[in-house]
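J.: The sequence isn't on hand, but the structure is:
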């Protein structure tokens, strides 16, 4: 196992599926991001005034979540650029610290 203590943060964006391609294109053009992950998810417990009729019937709201790892010292500028590009769009975010990160590796076989 290789592991490092991190000064990075994880930013989770929750967005309307109609914004997915535009935001992914924006992220891919950024030099301060190496990789990110995305997946389809559903929100529950959203105020009914924010749900379409179909979402009210289903009891959930279709969303896309993107998780981006950034160095903590660029976070404020990155969020400002995101707001400049997508302010007013159906996007919310949460920031959490990354205390450690690493990769699990198999031990090398013993030589005989």
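T.: Now that the structure is in, tell me what you want to look at. Computed from a predicted structure; not experimentally measured.
J.: For the longest strand along the chain, which strands pair with it and how are they oriented?
T.: Ranked by residue count and defined by DSSP state E, the top strand of the chain is strand 61-71. Strands that pair with strand 61-71, judged by DSSP bridges, come out as strand 8-15 (antiparallel), strand 36-43 (antiparallel).
J.: Can you lay out these as a markdown table showing distance to residue 89 and mean neighbour count?
T.: For the C-beta atoms, the positions are set from N, CA and C on the backbone; glycine is no exception. Output for the strands paired with strand 61-71, formatted as a markdown table (distance: least, Cβ to Cβ, whole Å; neighbours: other Cβ atoms under 10 Å):
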| stretch | distance to residue 89 | mean neighbour count |
| --- | --- | --- |
| strand 8-15 | 7 | 18 |
| strand 36-43 | 16 | 13 |
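J.: Can you redo those strands as CSV, where the extra columns are mean pLDDT and distance to residue 70?
T.: Compiled in CSV, those are given as follows (pLDDT from 0 to 100; distance: least, Cβ to Cβ, whole Å):
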stretch, mean pLDDT, distance to residue 70
strand 8-15, 95, 6
strand 36-43, 89, 10
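J.: Of those, which is nearest residue 94?
T.: Closest approach to residue 94 among the strands paired with strand 61-71 (Cβ to Cβ): strand 8-15, 4.9 Å.
J.: What lies in contact with that closest one?
T.: 23, 41, 43, 63-72, 75, 78-79, 89-98, 101 (Cβ atoms under 8 Å, 6 or more residues apart in numbering).
J.: Buried residues of the helix or strand containing residue 84, list them for me.
T.: Secondary structure from DSSP states H and E places residue 84 in helix 75-86. For helix 75-86, the neighbour count (16 or more other Cβ atoms under 10 Å) marks 78, 82, 86 as buried.
J.: quick one: buried residues of the longest strand of the chain?
T.: Going by 16+ other Cβ under 10 Å, strand 61-71 has these buried residues: 61, 63, 64, 66, 68, 69, 70.
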